[in-house]
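>>> predicted model and sequence below, questions to follow.
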Amino acid sequence: MATRILIFDTTLRDGEQSPGYSMNTREKLELARQIARLRVDIIEAGFPIASPGDFEAVKVISQNIRDGVTIAGLCRTRDQDIDRAWEALQHAERPRIHTFIATSDIHMRYKLKMSREEVLESAVRAVKRARGYTDDVEFSCEDACRTDQDFLCQVVGAAIQAGATTINIPDTVGYVIPWEYGERMRDLMNRVPNIDKVVVSVHTHNDLGLAVANSLAGVREGARQIECTINGIGERAGNASLEEIVMAIRTRKDIVDAETGVKTEEIYKTSKLLTTITGIPVQPNKAIVGANAFAHEAGIHQHGMLSHALTYEIMTPESVGVPQSRLVLGKHSGRHALKKRLQDLGVDLGEEDLSKAFQRFKELCDKKKEVFDDDLLAIVEEQVLTLSETYVLDHLQFASGTNMIPSATVRLRKEDEIHQESGCGDGPVDATFKAIDQITGMHPRLKDYGIRAVTSGKDALGEVMVSIEIDGQTIIGRGTSTDVIEASAKAYLNAINRAVGRNAPPEKEVKEGV
Ligand code: KIV
Ligand code: ZN
């Protein structure tokens, strides 16, 4: 019978701690809900002692996510780390304390400045302390893959004896080659007493592009838990990507002889939600969730596909929930039809959000002949990013041309007041942003600006994504319109509204050691 592999999602911890991916508590909870719908087994919600924001997020997720999902919190082996982790996790239906310490000579000598004996003792003490709080304790040997194998066996054995129920073997720096990782695993399985009584876990980074392959090599040797992230986000080149691992296991069940509990049809939606929240897209050729993952451009491929899909398709887009971009609704479609179509796409909006989406849909129908699924998703995604709209775009007028100074007039609504300003700039977008700055009194630095067509055709909806910096914090904004200057204004305002209304994630206090 196929081995059941546990999927441990660390998007909100290892993924979130990489630059540009920080999320606030509300966003983390929203993503955690979707990850739970994906039916992973464990969600690592954060590193509670790292900052008050991390603590809050782990606590809120522990309080809100149920349905049998285990919530894990990371901590070093220090007493106060473990206590703080438990403080955040105690509300979870199934809490897990995940404690770690580095075991490689290079980390022990230069980072921890501890001897092997001290590390061993610290690991044992931490596991015992964590077991005082919960029966579910994971222990990780950081930089395991550059650790002396005899010492690795010794630490793992001691952690099991102290009560660890899951043992994780991270390739922290993405250094190993699949068969090397496999050999280390096999050796551990053969040499460590009682290792068959615990769950052995793999945790691989992608510095050499081998994270997924290494994880699968670990599974081949008996690992039963895989730690991974949505879209493979994570430190440097990222972690093993959840969607790639899960689909590899599913598609090649004949070889891997394993299965996961993941509802694969939720993969695409989860990936999209993450890119919407962080504003960082996946590359078009990204396996499973990239825009081209299921596109067959070459004539010979298309011919084969038309004759029989399996000629070039090893899995279907439907199996990962990629929506077909079809003409769905038009000018005369009602609110009910919109609700139904969104539900078919897996989006369940409350009445208030549905009203907003319906209004945007009607506006779009006035400007665009054909409305596709992707257009609908773009409308909804824009709403997801809007926490509270302090400023609403009421009116925009701009002028630009070959021999004139571009100018813009912007009118914004703030509660019941209307504010209007004009600005000049290098181009109409710059002029619009300057007018918005004058009204809001905020002068963020524009770090990044990107534009794309949501669907094909000259009347396609344009989506603008901006990244602005305010008080050292980077905030993403997104806006859509058939007019790219209007989409730019909306994206910029979206980011400003998020800056005004958000529960800002505080700076991480603890970075070292992870
Ligand atoms: O990569 C790593 O070693 C980690 C551990 C803290 C599990 O993320
Ligand atoms: Zn890691």
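Right, received. Where do you want to start? Ligands and ions are numbered 1, 2, ... in the order given.

>>> what does the stretch 101-250 of the chain have sitting close to ligand 1?
Within reach of ligand 1 by C-beta under 6 Å from any ligand atom, the stretch 101-250 of the chain has these residues: 140, 142, 168, 170, 172, 203, 205. C-beta: built from backbone N, CA, C; applies to glycine.

>>> residues touching the last one, list them.
This means His205. 170-174, 211, 234-240 (C-beta atoms under 8 Å, 6 or more residues apart in numbering).

>>> dig out what it forms beta bridges with.
Beta-bridge partners recorded for His205 (DSSP bridges): Asn239.

>>> pLDDT value on it, please?
Per-residue pLDDT puts His205 at 98.

>>> distance of it from Arg236?
Note on His205: its distance to Arg236, by C-beta to C-beta, to the nearest Å, is 7 Å.

>>> what's the overlap in contacts for these two?
Applying C-beta under 8 Å, 6+ apart, one finds that His205 and Arg236 are jointly contacted by Gly174.

>>> about what we covered before: report the buried members of the contacts of His205.
170-174, 211, 234-235, 238-240 (16 or more other C-beta atoms under 10 Å).

>>> in TSV, list these along with distance to Glu221.
As requested, these are arranged in TSV below (distance: C-beta to C-beta, whole Å):
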residue	distance to Glu221
Pro170	15
Asp171	14
Thr172	19
Val173	21
Gly174	19
Ala211	16
Gly234	23
Glu235	25
Gly238	23
Asn239	20
Ala240	16
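
>>> including secondary structure and pLDDT, could the residues you listed go into TSV?
As requested, these are exported to TSV (DSSP: H, G, I helix; E, B strand; the rest coil; pLDDT from 0 to 100):
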residue	secondary structure	pLDDT
Pro170	strand	98
Asp171	strand	98
Thr172	coil	98
Val173	coil	98
Gly174	coil	98
Ala211	helix	98
Gly234	coil	96
Glu235	coil	90
Gly238	coil	97
Asn239	strand	98
Ala240	coil	98
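
>>> what segments of the stretch 151-300 of the chain are helices?
Secondary structure of the stretch 151-300 of the chain (DSSP state H, counting those that start in this stretch): helices at 178-191, 211-220, 242-251, 253-256, 267-278, 299-307.

>>> can I get the second one in CSV? Just the C-alpha atoms.
Taking C-alpha atoms only, helix 211-220 is exported to CSV below (Å, rounded to 0.1, in the frame of the first residue of the first chain):
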residue,chain,number,x,y,z
ALA,A,211,15.1,21.0,-3.5
VAL,A,212,12.2,18.9,-4.9
ALA,A,213,14.5,16.1,-6.2
ASN,A,214,16.3,16.0,-2.8
SER,A,215,13.0,15.7,-0.9
LEU,A,216,11.9,12.9,-3.1
ALA,A,217,15.2,11.1,-2.5
GLY,A,218,14.5,11.4,1.2
VAL,A,219,11.0,9.9,0.8
ARG,A,220,12.5,7.0,-1.1
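
>>> what's the angle from that helix to helix 242-251?
Orientation check (axes from the mean of the first three to the mean of the last three C-alpha atoms, to 10 degrees): helix 211-220 against helix 242-251 gives 50 degrees.

>>> by contact count, what packs against the helix or strand hosting Gln438?
Secondary structure from DSSP states H and E places Gln438 in helix 428-440. Judged by 3 or more C-beta pairs under 8 Å, 6 or more residues apart in numbering; DSSP states H and E, helix 428-440 is in contact with strand 391-399, strand 407-414, strand 417-424, helix 484-501.

>>> so for the third one, what gets flagged as buried?
The one in question is strand 417-424. The neighbour-count check on strand 417-424 (16+ other C-beta under 10 Å) flags 419, 421, 423 as buried.

>>> and ligand 1, is the helix or strand hosting Asp83 touching that?
According to DSSP H and E, Asp83 maps onto helix 79-89. No - if you take C-beta under 6 Å from any ligand atom as the test, helix 79-89 misses ligand 1, and the best it gets is 11.8 Å.

>>> how far out from the middle of the chain is the helix or strand just after that helix?
Going down the chain from helix 79-89, the next helix or strand is strand 94-102, by DSSP H and E. Put simply, strand 94-102 sits 21 Å off its chain's centre (C-alpha atoms, centre = their mean, to the nearest Å).

>>> neighbouring strands - and their directions - for strand 94-102?
Counting by DSSP bridges, the strands paired with strand 94-102 are strand 70-75 (parallel), strand 137-142 (parallel).

>>> keeping just the C-alphas, turn it into PDB.
The C-alpha trace of strand 94-102 is given here as PDB (Å, rounded to 0.1, in the frame of the first residue of the first chain):
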ATOM      1  CA  ARG A  94      -3.400  20.400  17.400                       C
ATOM      2  CA  PRO A  95      -0.300  22.300  18.500                       C
ATOM      3  CA  ARG A  96       3.200  21.400  17.600                       C
ATOM      4  CA  ILE A  97       6.400  22.900  19.000                       C
ATOM      5  CA  HIS A  98       9.200  22.800  16.400                       C
ATOM      6  CA  THR A  99      12.600  23.400  18.000                       C
ATOM      7  CA  PHE A 100      15.900  23.500  16.300                       C
ATOM      8  CA  ILE A 101      19.600  24.000  16.700                       C
ATOM      9  CA  ALA A 102      22.500  23.900  14.200                       C
END
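
>>> between it and helix 79-89, how big is the angle?
160 degrees.

>>> please give me every residue in contact with the residue nearest the centre of the chain.
Centroid-nearest residue in the chain, with C-alpha atoms, centre = their mean: Leu274, separated by 4.3 Å. Residues near Leu274 by C-beta under 8 Å, 6+ apart: 11, 31, 230-231, 233.

>>> now do Thr390
414, 496-497, 500-501.

>>> which intervals of the stretch 301-450 of the chain have sub-threshold pLDDT?
Applying pLDDT under 70 to the stretch 301-450 of the chain flags residues 301-306, 324-328, 346, 382-388.

>>> for ligand 1, what is the nearest residue in the stretch 251-400 of the chain?
Closest to ligand 1 within the stretch 251-400 of the chain is Leu274: 18.2 Å, counting by C-beta to the nearest ligand atom.

>>> that older thread, any chance of the residues of the stretch 101-250 of the chain next to ligand 1 in TSV, plus distance to Val119?
Output for those, formatted as TSV (distance: C-beta to C-beta, whole Å):
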residue	distance to Val119
Ser140	13
Glu142	10
Asn168	16
Pro170	15
Thr172	15
His203	18
His205	21
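
>>> could you list the domains of the protein?
Residue ranges for the domains of the chain, per automatic domain parsing: 3-278, 296-322, 324-384, 392-501.

>>> deepest-packed of those, please.
Among those, ranked by average contacts under mean count of other C-beta atoms under 10 Å, first place goes to domain 3-278 (a mean of 21).

>>> rewinding a little: let me know the closest of the contacts of His205 to Pro193.
Pro170 (21.7 Å; C-beta to C-beta).

>>> I'd say that closest one and His203 touch.
Yes - shown here, Pro170 and His203 form a contact pair, counting by C-beta atoms under 8 Å, at 3.9 Å.

>>> joint contacts of the two?
140, 227.

>>> now stretch 474-487: mean pLDDT?
Across stretch 474-487, pLDDT averages out at 87.

>>> closest residue of the stretch 201-350 of the chain to ligand 1?
The minimum distance from the stretch 201-350 of the chain to ligand 1, using C-beta to the nearest ligand atom, falls at His203 (5.2 Å).

>>> please tell me I have it right and that residue contacts Val173.
No - His203 is not in contact with Val173 according to C-beta under 8 Å; the separation is 11.7 Å.

>>> who's in contact with Asp135?
Asp135 neighbours (C-beta under 8 Å, 6+ apart): Thr165.

>>> again, only using 10 Å
Each residue near Asp135 by C-beta atoms under 10 Å, 6 or more residues apart in numbering is listed here: 94-96, 163, 165.
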